[in-house]
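Asker: Kindly return the folded structure for what I paste below:
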Amino acid sequence: MLIKQLASALLPLCLLAAAGHAVARNPVILVSIDGFRADYLERGVSPTLNQLAAGGVRAEAMRPSFPSVTFPNHYTLVTGLRPDHHGLVDNTMLDPAIPGERFTLSNNAAVADRRWWDQAEPVWVTAERNGLRSATMFWPGSEAAIHGVRPSVAPRFDGKLPANDRVDRLLSWLDGPPDALPGFMTLYLDDVDHAGHTHGPDDEHTTQAVAHVDQALARLMQGLASRHLNPNLVIVSDHGMAPLSRARVIRMDALAPENSYRVTASGPYASFDAVPGQEAALDAALLRAHEHMQCWHKADIPARFVYGSNPRVPQYLGLGEPGWALVFNERGAARVKGGGHGYDNMAPEMRAMFIASGPAFKPGVVLPAFDNVDVYPLLMRLLELAPLPSDGEITPLLPALQQQ
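Answerer: The predicted structure is shown next:
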């Protein structure tokens, strides 16, 4: 019913062409539902998403890039590059070229520092350079002047802003004069990820979070219909979620010699460097067979992960089996609960969601699983912009497009 109401209210956005502005095409709205595992669509609490999927395009699943965590995969979605190639190799990073600074999600100064982001160019930078206004209702990278360019509208991230308020603010940006309307917009919703981390993917709280976000998307669709806008919607997630348990913990500090390493990240995977002079001891302790974990020197990480060439990747990577956590102290072990992600990007638990709907898409198409690097060339096709070289290909998504 919601899709029919929207269709009946839509007017071609080409009516705005008289304004002579670059936004005289159907706007593109990229929506991310953080931590929305592909199979959450089967829980029976997401009628809006399921209607959009039935009336448009969905993928059986979308494979995230490694590591399957938030910032790296959000930047992959808007650049088409693997994390090893775009530079956001983790949610927590060190860079030899930026000494004395540590990138973390909570470090506002680092998040807004273009040096961490300038190894790639996201969609909104290319759009702005081509006269197409962009507006981001939160997206990793949008707070930095990447290559000296920011979106026309890009509020600083506010994790306390409810989903409905985020939707309303995005819709308000569509109420300006026709020649000032954004042509590319993003919307980021994180309720599902928070619930998955706190309670686990199989918990009722996570199912309720799926329902809550779906209601926010219903609000978005109703708001678009009332404004007679005909957008191309691309709805994605960045990764899935696996259940964690304190019974599935690997104590890295019990394996590696004391004071032989410096940790950058821990959890589903661990990244760390050797203390100078301790490389041989660390190699002997970790670069051998372990139950529920594999560990590599960065140069030996399997090629299929496309990970390890960037200077920001630490010397060593340990990767747990889905559901296992790698920690370096008792405090880390005590924090293991609920759910986590960052595992092998091919693991079923890490599968992300993809739905697309709008005038550019055929109805009722189900695509085989594809890699999330392919979203970028799709976005550029929808925006009628030339894509930059990337790791993605438009080919897997061509069957979904009205005009190929």
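Asker: I'd like to know how many residues surround the closest residue to Val125 other than its chain neighbours.
Answerer: Closest residue to Val125 apart from its sequence neighbours, by C-beta to C-beta, 6 or more residues apart in numbering: Val149 at 4.5 Å. Placement of C-beta: from N, CA and C, glycine included. Using other C-beta atoms under 10 Å, Val149 is surrounded by 18 other residues.
Asker: Does Val149 touch Glu128 like I think?
Answerer: Yes. Val149 lies in contact with Glu128 (C-beta atoms under 8 Å); the separation is 5.2 Å.
Asker: before we move on, the earlier item: mind checking how far the residue nearest to Val125 is from Ala356?
Answerer: 26 Å (C-beta to C-beta, to the nearest Å).
Asker: Okay, now the unreliable bits of the stretch 1-150 of the chain?
Answerer: By pLDDT under 70, the weakly predicted segments of the stretch 1-150 of the chain are 1-25.
Asker: Okay, strands next: where are they in it?
Answerer: With DSSP state E, counting those that start in this stretch as the criterion, the stretch 1-150 of the chain has strands at 28-33, 57-59, 62-63, 93-94, 102-103, 134-137.
Asker: looking at these, which is closest to Met241?
Answerer: Checking those against Met241 by C-beta to C-beta gives strand 28-33 as the closest, at 11.8 Å.
Asker: Now do that closest one: distance to the chain's middle.
Answerer: 10 Å (C-alpha atoms, centre = their mean, to the nearest Å).
Asker: Not counting that strand itself, show me its contacts.
Answerer: Strand 28-33 has contacts (C-beta atoms under 8 Å, 6 or more residues apart in numbering) with 74, 77-78, 123, 139, 170, 183-189, 192, 213, 217, 220, 231-238, 353, 379, 382-383.
Asker: Any buried residues in it, and which?
Answerer: 28-33 (16 or more other C-beta atoms under 10 Å).
Asker: Repeat that for stretch 157-168.
Answerer: In stretch 157-168, counting by 16+ other C-beta under 10 Å, buried: 157, 163, 166-168.
Asker: Can you tell me which of the residues you listed comes closest to Gln402?
Answerer: Comparing those against Gln402 with C-beta to C-beta places Val167 closest, at 26.7 Å.
Asker: who's in contact with the closest one?
Answerer: Residues counted as contacts of Val167 (C-beta under 8 Å, 6+ apart) are 187, 216-217, 219-220, 223.
Asker: Turn the buried ones among the residues you listed into a named PyMOL selection, would you?
Answerer: Command for PyMOL, covering only those of these found buried under the criterion 16+ other C-beta under 10 Å:
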select buried, resi 187+216+217+219+220+223
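Asker: Helices - which of the contacts of Val167 land there?
Answerer: If you go by DSSP state H, those have 216-217, 219-220, 223 in helices.
Asker: sorry, back to before: the residue nearest to Val125 pairs with what?
Answerer: On the basis of DSSP bridges, Val149 is bridged to Ile146.
Asker: farthest-separated two in the buried residues of strand 28-33?
Answerer: Maximum distance among the buried residues of strand 28-33 (C-beta to C-beta): 16.9 Å, for Val28 and Ile33.
Asker: How is the chain divided into domains?
Answerer: Domain assignment for the chain by automatic domain parsing gives 2-243+347-400, 249-336.
Asker: which of those domains is buried the deepest?
Answerer: domain 2-243+347-400 (a mean of 20; mean count of other C-beta atoms under 10 Å).
Asker: Could you pull out the helices in the chain for me?
Answerer: Assigned by DSSP H, the chain shows helices spanning 2-9, 47-55, 70-79, 83-86, 108-111, 123-129, 163-172, 191-199, 204-226, 252-255, 279-286, 330-334, 375-383.
Asker: Could you figure out how far the longest one is turned away from helix 191-199?
Answerer: Right, helix 204-226. 170 degrees (axes from the mean of the first three to the mean of the last three C-alpha atoms, to 10 degrees).
Asker: so how far is helix 204-226 from its chain's centroid?
Answerer: For helix 204-226 - counting by C-alpha atoms, centre = their mean - the centre lies 19 Å from the chain centre.
Asker: Output that helix as PDB, nothing but the C-alphas.
Answerer: Extracted in PDB, the C-alpha atoms of helix 204-226 (Å, rounded to 0.1, in the frame of the first residue of the first chain):
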ATOM      1  CA  GLU A 204      14.100  -9.700  20.700                       C
ATOM      2  CA  HIS A 205      15.600  -6.200  21.300                       C
ATOM      3  CA  THR A 206      17.300  -6.500  17.900                       C
ATOM      4  CA  THR A 207      14.100  -7.500  16.200                       C
ATOM      5  CA  GLN A 208      12.400  -4.500  17.800                       C
ATOM      6  CA  ALA A 209      15.200  -2.200  16.500                       C
ATOM      7  CA  VAL A 210      14.500  -3.600  13.000                       C
ATOM      8  CA  ALA A 211      10.900  -2.700  13.400                       C
ATOM      9  CA  HIS A 212      11.700   0.800  14.700                       C
ATOM     10  CA  VAL A 213      14.000   1.600  11.800                       C
ATOM     11  CA  ASP A 214      11.400   0.200   9.300                       C
ATOM     12  CA  GLN A 215       8.900   2.700  10.800                       C
ATOM     13  CA  ALA A 216      11.300   5.500  10.300                       C
ATOM     14  CA  LEU A 217      11.700   4.500   6.600                       C
ATOM     15  CA  ALA A 218       7.900   4.500   6.300                       C
ATOM     16  CA  ARG A 219       8.000   8.100   7.500                       C
ATOM     17  CA  LEU A 220      10.700   8.900   4.900                       C
ATOM     18  CA  MET A 221       8.500   7.400   2.100                       C
ATOM     19  CA  GLN A 222       5.400   9.300   3.200                       C
ATOM     20  CA  GLY A 223       7.400  12.500   3.400                       C
ATOM     21  CA  LEU A 224       8.800  12.000  -0.100                       C
ATOM     22  CA  ALA A 225       5.300  11.200  -1.500                       C
ATOM     23  CA  SER A 226       3.900  14.400   0.100                       C
END
